[in-house]
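Asker: Sequence plus the predicted model coming up.
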Amino acid sequence: MGKKAVFLDLDGTLLADDKSIPEVNMQAIDKARSKGNCIVISTGRPLKSAVLLAQDLGLTGKGNYLIAYNGGLLYDTYNQKVIFKSAIPLNTVRNVFDHAHKKKLHIQTYDSEHVLVLPEGDDEDVRIYCQKVRMDYKVLLGANCITEEPVKMLAINRSDPATLEAFIDWVGVNYGEDLAAFYSNPTYVEIVNKGLNKGNALRQMAKLLNIDIKDTIAAGDQSNDIDMIKAAGIGCAVSNATDPVKQAANYITEKDNNSGAVAEIIEKFVL
């Protein structure tokens, strides 16, 4: 059996609901790596947060990589080096922030160390988010204070999904040729450069690792994982995944993210 690459979403897939990593998942990952297989974290999270999880998993040795910002950035965790990055122009970022402000919609972006918000974004949404991703946030006086082109923006609304739908429509009408806006869960809308997604990132990474697509396995639970699941040789949906994700998958786990769905996938298709 040849070397395989396993691409794992974090939240709702590898991680339990409390953001811990089930021990059975850790054990399966260690077994897979000991046999020469590759484990690649693939997440919508910012790079700093993804690196912290890679460290928790011990995935920082030679030949370890991760995908952050839903495919907007590829990173070599051993050499601590960005190997691909697609940033959004500052003028576009500022215009999107201005529109979100008018619509009273929480919007945030990132620099290398912080989540960035404007004063009106200094709210419960960013505090909950930062606790989840283990990062601090910085409050800027205005959108013109964003000086580093970011890979991603994130809109959050936990009370009125219709506001997010309208925001996606606005991005499509005004920036449809340049940006993609999509859900990563029912209350988060991701905004990245058009053409970026976990599926294309999987293809890039497989080529980098010199692994045939047929020897790739991907697992996820939300709509931003669908492109990755379809791109992989074997696409897996965890049992707690949304229906569209399950429909896109070749395999649906019996276990959910809290009880070792990733271990089930690794045992079945790798070990």
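Answerer: In hand now; what should we look at?

Asker: For the longest helix anywhere in the chain, list the C-alpha coordinates in CSV.
Answerer: Scanning the chain for the helix with the most residues, using DSSP state H, yields helix 161-175. Coordinates of each C-alpha in helix 161-175 appear next as CSV, following Å, rounded to 0.1, in the frame of the first residue of the first chain:
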residue,chain,number,x,y,z
PRO,A,161,-29.1,34.5,9.1
ALA,A,162,-31.0,36.7,6.5
THR,A,163,-28.4,39.4,7.0
LEU,A,164,-25.6,37.0,6.0
GLU,A,165,-27.6,35.9,2.9
ALA,A,166,-27.9,39.6,1.9
PHE,A,167,-24.2,40.1,2.5
ILE,A,168,-23.3,37.1,0.3
ASP,A,169,-25.5,38.6,-2.5
TRP,A,170,-23.9,42.0,-2.1
VAL,A,171,-20.4,40.5,-2.5
GLY,A,172,-21.5,38.6,-5.5
VAL,A,173,-23.0,41.6,-7.2
ASN,A,174,-20.1,44.0,-6.4
TYR,A,175,-17.1,41.7,-6.4
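
Asker: average pLDDT across the very next helix or strand once past that helix?
Answerer: Using DSSP states H and E, the helix or strand that follows helix 161-175 towards the C-terminus is strand 179-185. In this model, strand 179-185 carries a mean pLDDT of 92.

Asker: cool, and stretch 263-271?
Answerer: Mean per-residue pLDDT for stretch 263-271: 97.

Asker: Same question for stretch 77-91.
Answerer: The model assigns stretch 77-91 a mean pLDDT of 96.

Asker: Straight-line length of that stretch, end to end?
Answerer: 31 Å (Cα to Cα, to the nearest Å).

Asker: next one: stretch 75-82
Answerer: Across stretch 75-82, first to last residue, Cα to Cα, it's 5 Å.

Asker: Check the offset of that stretch from the chain's centre.
Answerer: Taking Cα atoms, centre = their mean, to the nearest Å, one finds the center of stretch 75-82 at 17 Å from the center of the full chain.

Asker: same thing with stretch 156-172?
Answerer: 19 Å.

Asker: can you pull up the bridge partners for the residue nearest to Ala232 when sequence neighbours are not counted?
Answerer: Nearest non-adjacent residue to Ala232, counting by Cβ to Cβ, 6 or more residues apart in numbering: Ala218, 3.7 Å away. Just so you know, the C-beta spots here come from the backbone N, C-alpha and C atoms, and that holds for glycine as well. When bridges are called by DSSP bridges, Ala218 pairs up with Phe7, Gly235.

Asker: still on that earlier bit, who touches the longest helix of the chain?
Answerer: 92, 95-96, 99-100, 103, 105, 155, 157, 179, 181-183, 186-187, 189, 191 (Cβ atoms under 8 Å, 6 or more residues apart in numbering).

Asker: So which residues of the chain form helices?
Answerer: Under DSSP H, the chain gives helices at 23-34, 47-57, 90-102, 124-133, 161-175, 198-209, 226-231, 243-248, 261-269.

Asker: TSV for those, including mean neighbour count and distance to Thr147?
Answerer: Formatted as TSV, these follow (neighbours: other Cβ atoms under 10 Å; distance: least, Cβ to Cβ, whole Å):
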stretch	mean neighbour count	distance to Thr147
helix 23-34	17	38
helix 47-57	19	18
helix 90-102	17	7
helix 124-133	16	19
helix 161-175	15	21
helix 198-209	20	26
helix 226-231	23	31
helix 243-248	16	37
helix 261-269	22	38
